[in-house]
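Colleague: Predicted model, plus sequence, below.
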Amino acid sequence: MKIASLAEIKKELKYLNEKELHDLIVDLSKFSTDNKAYLFFKLFEKENPRIFVEMVKEELETEFQKANTRNYHFAKKSAQLIRRKLNKNLKVSKDKTAHIELIIFFCQNLKDYGYLQFNHPVISNLYQVQVGKALKLVEKLHEDLQYDYLQLVEELPEVR
């Protein structure tokens, strides 16, 4: 079975009435938590634009608190798991400043929870890649915002 392209789906959506669209959206939200999360943030971010950032920070903080960091192997696996959750959540929002804030939060927590003390190449590389992503995103912002976020990124510790 061949799945229709996005353009074809958009055309077909134009022919649906309001009730059919409503039912379709509700059905989509039942399929996965990702769809439900996306719908939730799109509906409620108009009232509170910071809701996305705050909820993701809470989720990541919880993951950092319950992570096993007894040795470098478990720390590496925990860091990778938390990074996957971060990346999944970043797909929900298109706001570059939110992405930068969350990546900086992730990197700061890697430092605060002692992941960087292991000097494990995978953890160090994971950290460096995230710092690089943040820097690339900062370059795409307006000049005024660039300065503020660049200072935050530069406050992150260097890893060798």
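Modeller: Arrived safely. Numbers count the residues shown, from 1 in each chain.

Colleague: Centroid-nearest residue for the chain?
Modeller: Centrality entry for the chain: nearest residue to the mean C-alpha point is Leu90, 2.6 Å, by CA atoms, centre = their mean.

Colleague: In space, what's closest to that one - neighbours in sequence excluded?
Modeller: His99 (5.5 Å; CB to CB, 6 or more residues apart in numbering). Yep, even glycine has a C-beta here, placed from its N, CA and C like the rest.

Colleague: And the one you found, which helix or strand is it part of?
Modeller: helix 96-112 (DSSP states H and E).

Colleague: packing partners for the helix or strand Arg84 falls within?
Modeller: Per DSSP H and E, Arg84 falls inside helix 72-90. Using 3 or more CB pairs under 8 Å, 6 or more residues apart in numbering; DSSP states H and E, the elements in contact with helix 72-90 are helix 51-66, helix 96-112, helix 121-139.

Colleague: can you redo those helices as CSV with mean pLDDT, distance to Glu12 and mean neighbour count?
Modeller: Shown next, in CSV, are the helices and strands packed on helix 72-90 (pLDDT from 0 to 100; distance: least, CB to CB, whole Å; neighbours: other CB atoms under 10 Å):
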stretch, mean pLDDT, distance to Glu12, mean neighbour count
helix 51-66, 93, 29, 15
helix 96-112, 94, 31, 19
helix 121-139, 94, 34, 16
